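Undergrad: Dropping the sequence and predicted coords here.
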Amino acid sequence: MPKKGEKKAPTQSSTTTSALPEYEQVVDNAAKVIVLHPGSSFLRLGKQLDPFPRSIPHVIAIRNTDSSSPDHRIPDDVIGLERDFSEEEVAARERAYQSVGTLVKTLRTNTGGRRQHVPATQLTTSNESSNPVHLQEDSLSWTDISTKPAYLVGDEALFLQPGSPYDLHWPMRYSDFNVKDSTDYPTQQPLEVIFNDLEKLWSSAVEQYLEIPPEEFRDYSVVVLIADIFHHRYIKELVNLIIIRLGFEGVVVQQESVCATYGAGLSSACVVDIGDQTIAVSCVDEGLSLQHTRVRTDYGGRDVTRSFAWILDKIKFPYRDCNSFGRLDGVLLTQLKESLCHMDPDIHGLVSHEFEVHRPGKSIEMYTLKCADEGFKAALGLFYPTMMGLSRYQTIHFDPPVPHDPEDLFADSYFADVQQLFQPAAKVPMKPKQPSTLSTPNHPSSGGGGTASDFTNSPKQSPNPSAAAYSSTGTGGQPVAPQEEEEATISACVNRICAMEQLSDGELLGLDNLILTSIESCQSEELRRRMLQGILLVGGSSMIAGMANTLRARLQIKLPFVIPKCTTQVDVIANPKDQDARFICWKGGAVLSFLDNTQELWIRAHEWLRYGPQLLRERAPFVWS
């Protein structure tokens, strides 16, 4: 018998919801389906039959009509702010950088040859003497706001001239709704403001990029992708936004990791989604994301970009006026990272790279950058987060406990409360209350969880709130302590990894350790073996050259220490079927809409108004609670 919450079918059925109406087919024409993949930095959208989605910055600029209010625009959010470091953190970052540099020097090429190393003094001297070459006047221009539009979305919002009377809002941050960022949303009701922004942003994006006017939304249905670690309340609001406020015909909600396996053509895989702001790991078996294996950490590609900019400063980056806080220079640094960062030991020696600086109203400037292993070191920061300046403030998240929902009459907490009404009071002595071992959110985007070091103090502490069960709870559905066998899995793995890596207080797990933590949490040896043989890399930041081979080697070396007696050969899958890793999840959402089982999962507006969240429990293709 599978454990509770580990169903092996893409659809669900329930005798408790038999009062729900039979599904009436929503989609008669395949072209009438839109696939939405909202991310922290980009929104990817397209029709079901499109070969590739349109990708736009997931940002909206709202016109500020109150001249007396403070300016809340975020000019630097392309790569994020460098926070203020303490002296200890600066020293730890430098030590990590020196350790990574030593590691790179000891590496050999894939054929066993020696790698050529270039002294930093040589690079510094060359870059200091480099001067720009002025080309023709730049054709780039700021967004035209002469008509005073109420709001702008995507690239138009991102390329507003500094000082324009607009507030820049990012509705999603760290794979979650941006409800706690007081800078982006300085209001008392951020969730309401966020969904108002999403309504404007998505409506404009569909109309502008898919050429579908709002009056025709009622003829289209939507497949929307959500993060594996989600908040139930937000998903309810998301469904309400799509089929009530935007007026689409129907909606299907599916998790990103499952869609990734559909897009890659796999039935089971350990999906590693390396995005711009987060890394999410989840084991998917037969179309279902295993709840107890979901791990997410709040660092990603943008942190590699910031680290790369920090390393370039050490060798005197020739573009001396570069302002990493500016949007245009942030885009430039991101492009340099994509061109120069790698994990391929065959790339070595002196590299001469030309790049252009574009600024509206000025001539194009072309610079020549001399570098060597700087891109290699920056990319390895994914395995050594301390080098990227990350510590306790970047947390590791696990699946949070399901909150009590008074609108859901079939929630476990509801049945527990009703059951207590009919059970006589047990005549047992009262035990003193034990302090809760569930970790608490400590980040604006938190979904539960804490840093790796938080889990090393007590072997019985469970860092995975999803292990908490709503059994024998009182009114209000407060979770009780989980069973020992349920809380030992991830906790023991984290303890072993922290001991193996000798992580000090506040240090984070790297990419390879996150993957081992997730796979070790699988409930059987056979499942672990299958996950190790199918590690699927998706997301834009997984496209770093040489990542698959480097990750495979690191996992193979660490595997016996984390999962004893495991001799499985690790296989890392990158770019399956030669697909762009950025679009695999979106492609999987399009594939999902074609499946026969999906026709039973559509939620329609009139059904949602009548049955509400009960429909998500009945038709969501994942375990709702």
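TA: Here it is on my side, so go on. Numbers count the residues shown, from 1 in each chain.

Undergrad: In the stretch 51-200 of the chain, what residue spans correspond to strands?
TA: 54-57, 60-63, 133-137, 151-153, 166-169, 172-173, 176-177 (DSSP state E, counting those that start in this stretch).

Undergrad: any idea which residue sits dead centre in the protein?
TA: T278 (4.0 Å; CA atoms, centre = their mean).

Undergrad: Low-confidence ranges, the stretch 401-550 of the chain, go.
TA: Residue ranges of the stretch 401-550 of the chain with pLDDT under 70: 401-507.

Undergrad: before we move on, back to that, buried deepest among the strands of the stretch 51-200 of the chain, which one?
TA: Compared across those, strand 176-177 shows the largest average neighbour count, a mean of 24 (mean count of other CB atoms under 10 Å). From N, CA and C alone the C-beta is placed, and that goes for glycine too.

Undergrad: neighbouring strands for it, and are they parallel or not?
TA: strand 172-173 (antiparallel) (DSSP bridges).

Undergrad: can you count the residues close to G330?
TA: Neighbourhood size, G330 [other CB atoms under 10 Å]: 24.

Undergrad: That one is in contact with L336, isn't it?
TA: No - shown here, G330 and L336 do not form a contact pair, counting by CB atoms under 8 Å, at 10.8 Å.

Undergrad: nearest residue to the residue nearest to the centre of the chain other than its sequence neighbours?
TA: S175 (4.7 Å; CB to CB, 6 or more residues apart in numbering).

Undergrad: Give me the neighbour count for the one you found.
TA: Neighbour count for S175, taken as other CB under 10 Å: 27.

Undergrad: chain center to stretch 294-311: distance?
TA: The gap between the average C-alpha position of stretch 294-311 and the chain average comes to 12 Å, counting by CA atoms, centre = their mean, to the nearest Å.

Undergrad: Per-residue pLDDT of S55, please?
TA: Per-residue pLDDT puts S55 at 95.

Undergrad: which residues sit in contact with it?
TA: By CB atoms under 8 Å, 6 or more residues apart in numbering, the contact list for S55 reads 42-44, 582-583.

Undergrad: same question, E237
TA: Contacts for E237 (CB under 8 Å, 6+ apart) come out as 191, 195.

Undergrad: Could you do P132 as well?
TA: With contact taken as CB under 8 Å, 6+ apart, P132 is in contact with 318-319, 357, 365-367.

Undergrad: Tell me the pLDDT of it.
TA: 92.

Undergrad: Check the gap between F383 and C566 for me.
TA: Going from F383 to C566 by CB to CB, to the nearest Å gives 20 Å.

Undergrad: V304 is in contact with L382, isn't it?
TA: Yes - proximity of V304 to L382 meets the contact threshold set by CB under 8 Å, at 6.6 Å.

Undergrad: which residues are contacting the longest strand belonging to the chain?
TA: The longest strand of the chain (DSSP state E) is strand 363-371. The contact list for strand 363-371 (CB under 8 Å, 6+ apart) reads 123, 126-127, 130, 132-138, 312, 315, 317-319, 336, 340, 350-358.

Undergrad: What's the ChimeraX line that selects buried ones from those residues?
TA: A single ChimeraX command selects the buried members of those (16 or more other CB atoms under 10 Å):
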select :123,126,127,130,132,138,312,315,317,318,319,336,340,351,355,357
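
Undergrad: So which of the contacts of strand 363-371 are in helices?
TA: 123, 126-127, 312, 336, 340 (DSSP state H).

Undergrad: biggest separation within these, which pair?
TA: S126 and L336 (16.7 Å; CB to CB).

Undergrad: what residues are up against S164?
TA: Per CB under 8 Å, 6+ apart, neighbours of S164: 61, 143, 145.

Undergrad: Looks to me like I573 is in a helix.
TA: No - under the criterion used here (DSSP: H, G, I helix; E, B strand; the rest coil), I573 is strand, not part of a helix.

Undergrad: For I535, see how far away it is.
TA: In this view, I573 and I535 are 7 Å apart by CB to CB.

Undergrad: where do the contact lists of those two overlap?
TA: A269.

Undergrad: quick one, which of the two is more surrounded?
TA: Counted by other CB under 10 Å, I573 and I535 do not tie: I535 has more neighbours, with 24 against 18.

Undergrad: Looks like that one contacts S518 (just checking).
TA: No - I535 sits out of contact with S518 when judged by CB under 8 Å, with a separation of 9.8 Å.

Undergrad: Between those two, which contacts overlap?
TA: Counting by CB under 8 Å, 6+ apart, the common neighbours of I535 and S518 are C270.

Undergrad: where do the strands sit along the stretch 451-600 of the chain?
TA: Assigned by DSSP E, counting those that start in this stretch, the stretch 451-600 of the chain shows strands spanning 535-538, 572-574.

Undergrad: Please identify the deepest-packed of these.
TA: Comparing these by mean neighbour count (mean count of other CB under 10 Å), strand 535-538 ranks first with a mean of 27.

Undergrad: Quick one: distance of that one to the chain centre.
TA: Per CA atoms, centre = their mean, the displacement of strand 535-538 from the mean C-alpha position of its chain is 13 Å.

Undergrad: Can you pull out the low-pLDDT segments for this structure?
TA: Ranges of the chain meeting pLDDT under 70: 1-31, 66-84, 180-189, 391-395, 400-507, 625.

Undergrad: what about 80?
TA: By pLDDT under 80, the low-scoring segments of the chain are 1-31, 65-86, 180-189, 324-326, 390-508, 564-565, 624-625.

Undergrad: Next one: P57 from N323, what distance?
TA: P57 sits 19 Å away from N323, going by CB to CB.

Undergrad: ok, now V90?
TA: Here V90 is placed at a distance of 21 Å from N323 (CB to CB).

Undergrad: likewise V357?
TA: To N323, V357 is 11 Å away according to CB to CB.

Undergrad: Pull up the overlap in contacts between those two.
TA: The contact sets of V357 and N323 do not overlap (CB under 8 Å, 6+ apart).

Undergrad: I235 and V253 touch, don't they?
TA: Yes - between I235 and V253 there is a contact under CB under 8 Å: 6.4 Å.

Undergrad: Who has more neighbours out of the two?
TA: The neighbour comparison of I235 against V253 (other CB under 10 Å) goes to V253, with 22 against 18.

Undergrad: Show me what the helix or strand encompassing that one packs onto, helices and strands only.
TA: Assigned by DSSP states H and E, V253 falls within strand 250-255. Packing contacts for strand 250-255, counted by 3 or more CB pairs under 8 Å, 6 or more residues apart in numbering; DSSP states H and E, involve strand 221-226, helix 232-240, helix 584-594, strand 603-604.

Undergrad: Sheet-wise, list the partners of that strand with their directions.
TA: Sheet partners assigned to strand 250-255 using DSSP bridges are listed as strand 221-226 (parallel), strand 603-604 (antiparallel).

Undergrad: Report how many residues lie close to S324.
TA: For S324, the neighbour count with other CB under 10 Å is 20.

Undergrad: Tell me the secondary structure at the residue nearest to it when sequence neighbours are not counted.
TA: Distances taken as CB to CB, 6+ apart put A309 closest to S324, at 5.1 Å, once the chain neighbours are dropped. With three-state DSSP as the basis, the three-state label of A309 is helix.

Undergrad: OK, contacts around A309?
TA: Neighbour list for A309: 79, 317, 322, 324, 333 [criterion: CB under 8 Å, 6+ apart].

Undergrad: Give me the subset of those residues that lies in helices.
TA: Counting by DSSP H, the part of the contacts of A309 found in helices is L333.

Undergrad: Identify the farthest-apart pair in the contacts of A309.
TA: Greatest spatial distance in the contacts of A309: I79 and F317, 14.3 Å, computed using CB to CB.
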